[in-house]
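>>> give me coordinates for this.
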Amino acid sequence: MTSIILSVIALILVIALYFIQPYSPLKSDFYQLANRLISESGEGTALFGQQDIADLPTPIQKYFIHCGYIGTPKMAWLKTEFKNVAFSTGVGKATLKMDYTQYNFVEVPNRLAFIDSALYGIPFQGFDSFSQGKGSMKGVIAKAFTLFDQQGAEMDKACLVTVLAECLYVPNIALQNYITWEAIDDTHAKATINYFGMQGEGIFTFSATGEMLSFTTNDRMAVGFDGVKQRVSWTAVCSDYTRNDNGILKPTNFKAIWHYPQGDHIYFDGDLVPCKP
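Numbers count the residues shown, from 1 in each chain. The predicted structure follows:
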């Protein structure tokens, strides 16, 4: 009996040590793909100039000028980290605290994100990817067991529209020829993204001074962890703008909201920690 108890204790300790160590197969997959895309992207060398924004709608021009991008390097890719994000797993379901790391790439609009969290003390990790036009959302529990792996045409388009939503946070994306802009008024502009044979669009809203406040679209399907899909409006909200060490004004808080018929659902609320200007 004593040997059985000791074996159980040893097994628990081995499992606990595996949970504590930073390595996981999913995280390894995430960083391997990120590093490959970074090596393919290189580094940006040109600077943002007035000529880049001369033909864009007035709110976009004001955004670049007000936030201080003119005269700064154009990025080829950007890594962003969020800490202690409040992440809802669905309406009426658990809200997790998680760390969220994402990479956006410019020339080809690839996007990767890694979720690091826990469910009842057990590691829960997710890998959202949009690579070469294919979107996916994979969740793994205990670093080994796949909870969900959502893919398909709706996911592909949703991921493409997410790239559009983030194009002004990674503003070199906003200047690429796969995005077109239409003027609406002094504080609104419509943007359309075309790539990989897909198209999506949305409306950006700005403050009177030029800060981007929100992006709203009807082109992003809500896909739950259980695979249930709903076509509802989606809004990304930026706030708490702060100038970084390079003098660029950036939002430090991001919220993502589904506008369900029964009411709005904020499922992502996190503070941004930019790692690379």
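>>> quick one: residues contacting residue 69.
By CB atoms under 8 Å, 6 or more residues apart in numbering, the residues touching residue 69 are 48, 171, 248. Using the backbone N, CA and C atoms, a C-beta is placed for each residue, glycine as well.
>>> any idea how far residue 73 is from the first one?
The gap separating residue 48 from residue 73 is 8 Å, by CB to CB, to the nearest Å.
>>> what about those two, which has more around it?
Taking neighbours as other CB atoms under 10 Å, residue 48 and residue 73 compare with residue 48 leading, 21 against 15.
>>> surely the more buried one touches residue 75?
No. In this structure residue 48 lies outside contact range of residue 75 using CB atoms under 8 Å: 9.7 Å.
>>> overlap in contacts of the two?
Common neighbours of residue 48 and residue 75, counting by CB under 8 Å, 6+ apart, are residue 172.
>>> now render the contacts of residue 69 as TSV, adding distance to residue 266.
Output for those, formatted as TSV (distance: CB to CB, whole Å):
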residue	distance to residue 266
48	32
171	25
248	27
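>>> nearest to residue 224 among those?
Nearest to residue 224 out of these is residue 171 (CB to CB; 31.7 Å).
>>> bridging residues for the closest residue to residue 166 other than its chain neighbours?
Sequence neighbours aside, residue 104 is the residue nearest to residue 166 in space, at 6.0 Å (criterion: CB to CB, 6 or more residues apart in numbering). For residue 104, the beta-bridge partners are residue 78, residue 111 (DSSP bridges).
>>> how about residue 243?
As assigned using DSSP bridges, the partners bridged with residue 243 are residue 249.
>>> now do the contacts for it.
Taking CB under 8 Å, 6+ apart, we find residue 243 in contact with 68, 249, 250.
>>> adding pLDDT, write the contacts of residue 69 out as a markdown table.
Output for the contacts of residue 69, formatted as a markdown table (pLDDT from 0 to 100):
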| residue | pLDDT |
| --- | --- |
| 48 | 97 |
| 171 | 97 |
| 248 | 95 |
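>>> with those in mind, which one is nearest to residue 255?
Nearest to residue 255, judged by CB to CB, of the contacts of residue 69 is residue 171 at 20.1 Å.
>>> tally of neighbours for the closest one?
Using other CB under 10 Å, the number of residues around residue 171 comes to 24.
>>> wait, what's in contact with it?
With contact taken as CB under 8 Å, 6+ apart, residue 171 is in contact with 48, 63, 64, 69.
>>> that's a strand at the third one, yeah?
No. Following the definition DSSP: H, G, I helix; E, B strand; the rest coil, residue 64 is helix and is not counted among the residues of a strand.
>>> if I pick the nearest residue to it once chain neighbours are set aside, what's in contact with it?
Nearest non-adjacent residue to residue 64, counting by CB to CB, 6+ apart: residue 53, 5.0 Å away. Each residue near residue 53 by CB under 8 Å, 6+ apart is listed here: 60, 61, 64, 65, 70, 175.
>>> just the buried members of those?
Applying 16 or more other CB atoms under 10 Å to the contacts of residue 53, the neighbour count classes 60, 61, 64, 175 as buried.
>>> in terms of pLDDT, where does the second one sit?
Which is residue 61. The per-residue pLDDT reported for residue 61 equals 98.
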